[in-house]
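J.: Need coordinates for the below:
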Amino acid sequence: MDLPAYVWATRYRDPDADPAETGIADSWRRVATAAAAAERDPSHWRDRFLEILGAYRFLPAGRILAGAGTRRRVTLFNCFVMGPIEDSMEGIFEALKEGALTMQQGGGVGYDFSTLRPRGTRAHSTGMIASGPVSFMRVWDTTCATLLATGARRGAMMATLRCDHPDIEDFIDAKRDPGALRHFNLSVLVTDAFMQAVQDGAGWPLVFRDHVYRTLPARALWERLCRAAWDSAEPGVLFIDRINAANNLAYCERLTATNPCGEEPLPPYGACNLGSVNLTAFVREPFTRQARLDLDGIGETARSAVRFLDDIIDVSRFPLARQREQVMQSRRVGLGITGLADALAMLGLRYDGEPARQAAASAMKTICHATYEASSRLAGEKGSFPAFRADAYLERPFIRALPEAIRAAIRQSGMRNSHLTAIAPTGTISLIAGNVSSGIEPCFGFEAERRVLGPEGSHRIFRAPNYAYGLWRSMHGESEPIPPYFGQGTDIAPDDHLRMQAALQPHVDSGISKTIPLPRDFPVDAVPRLFRSAFDLGLKGCTLFRQGAREAVVAARCDASAGDPRVRAAPGPGTGAAP
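T.: Purely as a prediction, here's the structure:
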């Protein structure tokens with residue numbers, strides 16, 4: 001059994017299917033049938049969905065492939081942000097319970113811990129001394145570990161804290177111990193005011209409920225954050241004011257957290273289902289001078305994929321009733337891309353060059369416009385999302401940047417989905433598509449051996465040639481040196497990683513999951529400049545991973561396909577660490 005077949009058999013095959021699923025074609029048929037059940041003409045849309053799935057042109061997220069059409073009590077949504085944590089013992093453990101129920105059904109969860117009072121504060125009602133947000137994060141981490149021990153899907157969580165919370169220094173240092181908070185990704189909510197204070201060398205007040213606890217130098221806090229990121233790959237930064245300013249629904253919601261991999265900033269109790277267009281399926285005449293991207297085919301696939309993801313909303317379970325209510329208000333979906341690095345190599349373009357960024361942006365722009373056109377047509381057929389307010393929606397920055405023809409369609413027909421695009425790490429989904437490069441990451445090894453965790457906790461080793469590399473070798477033999485456009489992630493300068501995200505973000509209304517890998521000897525005093533570059537490029541956030549900083553981090557669960565130890569994902573509007 002090769003790697004794609006093993007991954008399918010151990011992660012995505014429905015073991016209770018009758019008749020039994022004997023190959024991934026059976027699983028695609030199950031998934032297409034389940035999604036099409038939400039349609040008035042199920043057989044027509046089943047066939048259309050099956051066409052894009054079976055050809056690996058569209059890859060739905062793992063929760064969909066594993067759960068759609070099965071009898072399992074699971075959700076088909078990967079991404080959740082939980083409700084606000086009330087600053088009381090009852091509120092804290094109610095929030096913990098809601099998170100546990102969500103993870104039990106397969107969802108990854110994000111929490112903003114900024115609502116919890118700082119360590120050492122006395123509670124007026126009981127006289128007890130508060131232990132602070134980080135102490136309660138340990139309770140969440142233990143709960144997640146316990147769920148894993150029961151055989152539930154591997155859980156992952158995102159924790160955020162405002163940069164002006166009095167416990168921000170504890171939060172920044174929380175993962176310096178390699179064994180601490182292993183099931184959390186951490187991101188600091190960085191405000192525009194803080195970035196200005198850093199630039200000005202000003203003092204920075206730490207505040208909770210309008211009470212200033214103390215003031216410290218903004219640059220000292222910034223350097224502490226950057227040093228922690230260099231040492232331990234945590235925390236990332238989320239430029240929270242920018243995230244909210246860019247939100248299509250800023251007129252009716254405020255965002256303070258993301259899903260664990262960061263590509264989806266979501267409101268309290270929000271959720272999003274995901275899928276990716278596999279760009280390698282649209283390269284015509286690869287590795288020749290005539291190589292080109294089939295943009296028409298990409299757009300056609302994106303239109304069908306939007307309908308598929310919208311149908312998944314209606315057929316999915318939700319762990320909590322409040323999640324269903326919130327999702328139905330906006331009907332968010334997140335369609336992105338995968339196989340970018342492989343597609344660029346097939347086009348003869350090196351990942352860190354301007355032509356590659358232009359090609360990537362062209363593909364994502366095509367998807368963006370196709371998804372908005374499709375969602376507006378769906379609104380004319382099925383109705384707009386309930387929170388849609390035409391005048392307010394059309395004034396949002398992302399919507400204002402769309403072509404006038406799409407804006408006119410929105411004005412006339414409305415929108416079925418508030419948000420449509422997000423770029424996620426594609427993990428094991430990329431493996432079943434022939435080991436294409438994950439998401440928008442570069443390739444991290446052409447002939448790597450992959451150590452894959454099996455269902456019983458054991459590991460198997462597979463030789464896993466990268467998709468584009470394997471195709472090139474099949475065309476050119478084993479002796480010919482590979483051309484220079486086959487650049488690997490470690491060959492690409494950190495700034496060029498940021499530039500690729502920045503090229504894509506104008507066409508992504510949510511976030512981009514991306515980690516900026518750094519060489520082992522990357523100077524620690526250069527990290528502040530790198531984070532600042534992410535801010536200046538207009539990204540929504542940034543996450544770094546220096547080689548050797550940590551053996552592994554939570555996002556290994558976000559991106560199991562790249563085969564490199566960076567693993568922590570990040571979002572961004574061109575972001576590297578945040579939505």
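
J.: Can you read off the backbone torsions of residue 547?
T.: Taking degrees, to the nearest 10, you get phi -50, psi 130 for the backbone angles of residue 547.

J.: quick one: it from residue 104, how far?
T.: Using Cβ to Cβ, to the nearest Å, one gets 35 Å for the distance from residue 547 to residue 104. Bear in mind the C-beta positions are built from the backbone N, C-alpha and C, glycine included.

J.: So for stretch 368-375, mean pLDDT?
T.: If you average the pLDDT over stretch 368-375, you get 98.

J.: Tell me the secondary structure of residue 213, please.
T.: strand (DSSP: H, G, I helix; E, B strand; the rest coil).

J.: Skipping its backbone neighbours, what lies nearest it in space?
T.: residue 166 (4.2 Å; Cβ to Cβ, 6 or more residues apart in numbering).

J.: if we can go back for a sec, residue 547 and residue 104: who's more crowded?
T.: Taking residue 547 and residue 104 together and counting by other Cβ atoms under 10 Å, residue 104 has the greater number of neighbours (17 against 14).

J.: so residue 450 touches residue 462, yeah?
T.: Yes. Using Cβ atoms under 8 Å, residue 450 makes contact with residue 462 at a distance of 4.8 Å.

J.: helix or strand for the residue lying farthest from the centre of the chain, which one?
T.: Most distant residue from the mean C-alpha position of the chain: residue 127, 41.3 Å away (Cα atoms, centre = their mean). No secondary structure element spans residue 127, as it lies outside all helices and strands (assigned by DSSP states H and E).

J.: next one: residue 53
T.: helix 42-54.

J.: Make sure I have this right: residue 463 is in a strand.
T.: Yes. Under three-state DSSP, residue 463 falls within a strand.

J.: and the closest residue to residue 31 other than its chain neighbours, backbone torsions?
T.: Using Cβ to Cβ, 6+ apart and skipping residues adjacent in sequence, the residue nearest residue 31 is residue 68, 4.5 Å away. Main-chain torsions, residue 68, degrees, to the nearest 10: phi -60, psi 130.

J.: okay but residue 68 is in contact with residue 28, surely?
T.: No. Shown here, residue 68 and residue 28 do not form a contact pair, counting by Cβ under 8 Å, at 10.3 Å.

J.: Quick one: the strands in the stretch 351-500 of the chain, in order.
T.: Counting by DSSP state E, counting those that start in this stretch, the stretch 351-500 of the chain forms strands over residues 447-453, 459-465, given from the N-terminal end onward.

J.: Ramachandran coordinates for residue 206?
T.: Residue torsions, per degrees, to the nearest 10, at residue 206 are phi -100, psi 120.

J.: need the contact list for it.
T.: Contacts here follow Cβ atoms under 8 Å, 6 or more residues apart in numbering; on that basis residue 206 touches 164-166, 168, 212-216.

J.: repeat for residue 346
T.: In this structure, residue 346 makes contact with 280, 283, 286-287, 291, 468, 471, judged by Cβ under 8 Å, 6+ apart.

J.: what do you get if the cut-off is 7 Å, keeping everything else the same?
T.: Under the criterion of Cβ atoms under 7 Å, 6 or more residues apart in numbering, the contact list for residue 346 reads 280, 283, 286-287, 291, 468.

J.: Next, it: phi, psi?
T.: With angles defined as degrees, to the nearest 10, residue 346 sits at phi -60, psi -30.

J.: Run a quick neighbour tally on the residue lying closest to residue 24 once chain neighbours are set aside.
T.: The shortest distance from residue 24 to any non-neighbouring residue, by Cβ to Cβ, 6+ apart, is to residue 8 (4.8 Å). Neighbours of residue 8 under the rule other Cβ under 10 Å: 20.

J.: do residue 333 as well
T.: As a burial measure, residue 333 scores 27 neighbours (other Cβ under 10 Å).

J.: And for the one 10 residues further on?
T.: Residue 343: 28 surrounding residues under other Cβ under 10 Å.

J.: Quick check: closest non-adjacent residue to it.
T.: Spatial nearest neighbour of residue 343, excluding adjacent residues (Cβ to Cβ, 6+ apart): residue 279 at 3.8 Å.

J.: Kindly confirm whether my reading is correct that residue 443 touches residue 490.
T.: No. Taking Cβ atoms under 7 Å as the contact criterion, residue 443 and residue 490 are not neighbours in contact, 10.1 Å apart.

J.: before we move on, the earlier item: which one of the strands of the stretch 351-500 of the chain lies closest to residue 537?
T.: strand 447-453 (30.4 Å; Cβ to Cβ).

J.: Can you tell me the strand partners of that closest one and which way each runs?
T.: When pairs are called by DSSP bridges, strand 447-453 turns out to pair with strand 459-465 (antiparallel).

J.: What ranges in the stretch 451-579 of the chain fall below the confidence cut-off?
T.: Counting by pLDDT under 70, the stretch 451-579 of the chain contains low-confidence residues at 456, 551-579.

J.: Which parts of it are helices?
T.: Chain-ordered helices for the stretch 451-579 of the chain, with DSSP state H, counting those that start in this stretch as the definition, fall at 467-476, 494-504, 527-536.

J.: which one of the ones you listed is the most hemmed in?
T.: helix 494-504 (a mean of 23; mean count of other Cβ atoms under 10 Å).
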